[in-house]
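> My questions are about this predicted structure, shown below with the sequence.
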Amino acid sequence: MSVPLLSVRDLHVEFPTRRGRLKAIDGVSFDLAPGEVLGMVGESGAGKSLTGAAVIGLLEPPGRIADGEIWLKGERIDNVSRKAMRQIRGRRIGMVFQDPLTSLNPLFTVGDQIVETIMTHLPVSAREARDRAVSLLEAVGIPAASKRLTAYPHQFSGGMRQRVVIALALCAEPELVIADEPTTALDVSVQAQIIDVLKELCSARGASVILITHDMGVIAETADRVAVMYSGRIAEIGPVAQVVKAPHHPYTVGLMGSIPSLTGSVDRLVQIPGSMPRLDAIPPGCAFNPRCPHAFERCRVERPEPMEMEGSRVACWLHEAGDEAQTVAEQGLAGRAGGER
Ligand SMILES: Nc1ncnc2c1ncn2[C@@H]1O[C@H](COP(=O)(O)OP(=O)(O)OP(=O)(O)O)[C@@H](O)[C@H]1O
């Protein structure tokens, strides 16, 4: 990759508590190329949203970046002033959250909100801003866009509101869009359409996307690369086609088994027994070891760092152990990824 658009280096996010510091993100690193779509997947509490919030400077206190660096096109952004971060947000990084009403002010028309955002960030006249707002609303699929400029958020359906939010996120031509569960609150029938609109518009504008979701099926259909998160760390990151076809981390293997659209049959879902540990009870070694069918002694005492594996990075001792353990791992993973579903 040449200069990455976004580079997150050894990110640590902590919450100080009376009983010590809770490490919610514990050494996350990844790069994002210009125009690339990176999916972030993992169970609830894995640290997906906090990673996105750290990138856009929206961690809610007392949560804080305890260590690490975040670079946007070669400029460090994790240590800039709040004012500078406000300028980056909206202008260079757009956001789409789960609930469209988080991003829209109920007291202003959608036209006013989009026009104001455009004029805050771009050197254009009110007239040009209005024209841009109309063409963006058309692009996201709002019928009779110029008439709908004067409508208020509550006058749109949930799916249409999320389209408006996508228009708002893109109106200042950001280089990166962070979409955190953008369709979770929506009717299933419109979810795929919203993902398509997001993907198409970002792709047409060359914007990179971080798409945060629980749904590996959405990632498989939308992203170029996927980062699988577990307990505040990246278990596996690599090209989607590769990770879906041949997942290396036992946790990814389990997640793959829960994609009905790829397996074609719901009764073949793999359930991963157990649940993710609480932040104050993360086990030593690999955080996944108590749930891992392949864990061996080293996994219980030593934390695996990401290792290069066929274009992916995988934090799992199975892939570093001696030949014997590796063969066992490969046989086991092949069995889980294929026939046992
Ligand atoms: N304000 C807070 N105080 C303490 N812990 C927090 C706080 N906010 C988040 N956490 C913890 O940080 C961890 C990561 O949370 P995060 O919201 O990033 O997870 P997630 O993977 O996005 O989950 P979900 O899919 O449910 O949104 C969780 O264990 C969560 O409980």
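Yep, that arrived. Numbers count the residues shown, from 1 in each chain.
> residues near A246, how many?
Here the number of neighbours of A246 (other C-beta atoms under 10 Å) works out to 18. Any C-beta I mention is one placed from the backbone N, CA and C, and that applies to glycine too.
> I'd say A315 and I237 touch.
No - with contact defined as C-beta atoms under 8 Å, A315 does not reach I237; the gap is 9.2 Å.
> so what sits against both of those two?
Each of P306 lies in contact with both A315 and I237 under the rule C-beta atoms under 8 Å, 6 or more residues apart in numbering.
> what does the protein put close to the ligand?
15, 22, 24, 42, 44-50, 60, 63, 214, 279 (C-beta under 6 Å from any ligand atom).
> Generate a PyMOL selection restricted to the buried subset of the residues you listed.
Those of the residues of the chain next to the ligand that count as buried under 16 or more other C-beta atoms under 10 Å are selected in PyMOL with:
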select buried, resi 15+22+24+42+45+46+47+48+49+50+63+214+279
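> Among the residues of the chain next to the ligand, show me the least confident.
Ranked by pLDDT, those bottom out at H214 (86).
> pretty sure that one contacts E43?
Yes - assessed by C-beta under 8 Å, H214 is found in contact with E43 at 7.2 Å.
> tell me, how many neighbours does the closest residue to L149 other than its chain neighbours end up with?
Nearest residue to L149, sequence neighbours excluded (C-beta to C-beta, 6 or more residues apart in numbering): G111, at 3.0 Å. Counted with other C-beta under 10 Å, the neighbours of G111 add up to 22.
> go on, I212?
Number of residues near I212 (other C-beta under 10 Å) recorded here: 26.
> Tell me where the chain has helices.
For the chain, the helices defined by DSSP state H cover 48-55, 82-91, 100-103, 110-121, 126-139, 145-148, 158-170, 188-205, 216-222, 240-245, 250-256, 260-263, 297-301, 323-337.
> Under the pLDDT cut-off, which ranges of the stretch 1-150 of the chain? List them.
Along the stretch 1-150 of the chain, the parts satisfying pLDDT under 70 run over 1.
> Give me the distance between the residue lying closest to T150 once chain neighbours are set aside and the ligand.
Closest residue in space to T150, ignoring its immediate chain neighbours: T109 at 5.1 Å, by C-beta to C-beta, 6+ apart. Counting by C-beta to the nearest ligand atom, to the nearest Å, the gap from T109 to the ligand is 30 Å.
> Can we start the residue count at 33 from this point?
Okay, using 33 as the starting number, the last item reads as T141.
> what sits against T141?
With C-beta under 8 Å, 6+ apart, T141 has these contacts: 181-184.
> quick one, what contacts the most centrally placed residue in the chain?
For the chain, the residue nearest the mean C-alpha position is I244 (2.7 Å; C-alpha atoms, centre = their mean). Taking C-beta under 8 Å, 6+ apart, we find I244 in contact with 71-72, 80-81, 83-84, 210-213.
> same question, I102
I102 touches 38-41, 43, 86-87, 108-110, counting by C-beta under 8 Å, 6+ apart.
> So what's the residue count around the nearest residue to A204 once chain neighbours are set aside?
Computed as C-beta to C-beta, 6+ apart, the closest residue to A204 that is not its neighbour in sequence is H153, at 3.8 Å. Residues within reach of H153, counting by other C-beta under 10 Å, total 17.
> L154 now?
14.
> Quick check: it vs P325, distance?
Applying C-beta to C-beta, to the nearest Å, the value for L154 to P325 is 53 Å.
> A176 now?
55 Å.
> pLDDT score for the residue nearest to the centre of the chain?
At I244, pLDDT is 96.
> Correct me if wrong: S240 contacts E207.
Yes - between S240 and E207 there is a contact under C-beta under 8 Å: 6.5 Å.
> which residues are in contact with both of those two?
Here S240 and E207 have 37, 66 as joint contacts, going by C-beta under 8 Å, 6+ apart.
> residue contacts, the residue in the stretch 233-373 of the chain that the ligand sits nearest to?
With C-beta to the nearest ligand atom, the shortest gap between the stretch 233-373 of the chain and the ligand falls at L311, namely 4.8 Å. Counting by C-beta under 8 Å, 6+ apart, L311 touches 47, 54-56, 77, 264.
> Go again with 10 Å.
46-47, 49, 53-56, 58, 77, 79, 263-264 (C-beta atoms under 10 Å, 6 or more residues apart in numbering).
> Just confirm I227 contacts L233, I think it does.
No - counting by C-beta atoms under 10 Å, I227 sits too far from L233 to count as a contact (11.2 Å).
> Need the overlap of contacts for these two.
By C-beta under 10 Å, 6+ apart, no residue touches both I227 and L233.
> circling back to that earlier point, so among the contacts of T141, which ones count as buried?
By 16+ other C-beta under 10 Å, the contacts of T141 give 181, 183-184 as buried.
> Look up how far D219 lies from V142.
Counting by C-beta to C-beta - V142 and D219 are separated by 20 Å.
> These two: who's more crowded?
V142 (28 against 10).
> F188 is in contact with the more buried one, correct?
Yes - under the criterion of C-beta under 10 Å, V142 makes contact with F188 at 7.5 Å.
> joint contacts of those two?
By C-beta under 10 Å, 6+ apart, the residues touching both V142 and F188 are 136, 174, 180, 195-196.
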